[in-house]
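Visitor: give me a 3D structure for the following:
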Amino acid sequence: MAEGIFRHTVKDPQYQGRIGKIDSCGTGAYHAGDDPDERTMATLEQNGITDYRHAARKFKNSDLQEFDYVFAMDRSNLSDLRRKTSSGDRAKVMLFGEYSGTGKAEIVNDPYYGGDQGFKTAFEQCSRFARNFLDEVVATEN
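Guide: The predicted structure follows:
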């Protein structure tokens, strides 16, 4: 969901040519190769994001060299990712919720095992985090 929201948000003309590769993955391979959950897709579509396509994949150590940022949704995944980092990595590894805009990091609870409200909450959070990241980091870069 976060990737779909981010891809949609960066279509804004002010970000054209300023964003490189965008991707998402899991720290485990539980759903590798699968399409997003139908509730994720329904939530995206209800919010005007109708062109998102993705197949799940597992995080690779090379992601730390390929990307500038690797965002975790919760502290458990953040811990898993940080165990894989080394001092020469290109990517900053952090909670996406560091860009909550509240002054306090937020986690995104996995809505997979819950109801529709969990997907709505995750959508709101990821939308807010994406806008704040872009405003704080990308819009201020020369």
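Visitor: which residues are contacting stretch 73-88?
Guide: When contacts are defined by CB atoms under 8 Å, 6 or more residues apart in numbering, stretch 73-88 is touched by residues 2, 27, 59, 61, 64, 70, 72, 91, 93-97, 107-110. Where C-beta positions appear, they are placed from N, C-alpha and C, glycine not excepted.
Visitor: these in helices, which ones?
Guide: 2, 64 (DSSP state H).
Visitor: can you select the buried ones among the contacts of stretch 73-88 for me in ChimeraX?
Guide: Buried residues within the contacts of stretch 73-88, by 16 or more other CB atoms under 10 Å, are selected in ChimeraX with:
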select :2,27,59,64,70,72,91,93,94,95,96,97,107,108
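Visitor: select from the contacts of stretch 73-88 every entry located in strands.
Guide: Counting by DSSP state E, the part of those found in strands is 70, 72, 93-95.
Visitor: any chance of the residues you listed in CSV, with distance to Phe133 and pLDDT too?
Guide: Compiled in CSV, the ones in strands among the contacts of stretch 73-88 are given as follows (distance: CB to CB, whole Å; pLDDT from 0 to 100):
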residue, distance to Phe133, pLDDT
Val70, 13, 97
Ala72, 14, 97
Val93, 14, 97
Met94, 10, 97
Leu95, 11, 98
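Visitor: let me know the average pLDDT across the host helix or strand of Glu45.
Guide: Counting by DSSP states H and E, the element that carries Glu45 is helix 38-46. When pLDDT is averaged over helix 38-46, the result is 93.
Visitor: residues contacting Gln14?
Guide: Gln14 makes contact with Ala139, according to CB under 8 Å, 6+ apart.
Visitor: point out where the chain drops to low pLDDT.
Guide: Judged against pLDDT under 70, the low-scoring parts of the chain cover residues 33, 141-142.
Visitor: which parts of the longest helix that the chain contains are buried?
Guide: Criterion DSSP H: the longest helix present in the chain is helix 116-133. Residues 118-119, 122-123, 125-133 are the ones in helix 116-133 that count as buried (16+ other CB under 10 Å).
Visitor: repeat that for stretch 63-80.
Guide: 63-64, 67, 70-74, 77-78.
Visitor: thank you kindly, that will do.
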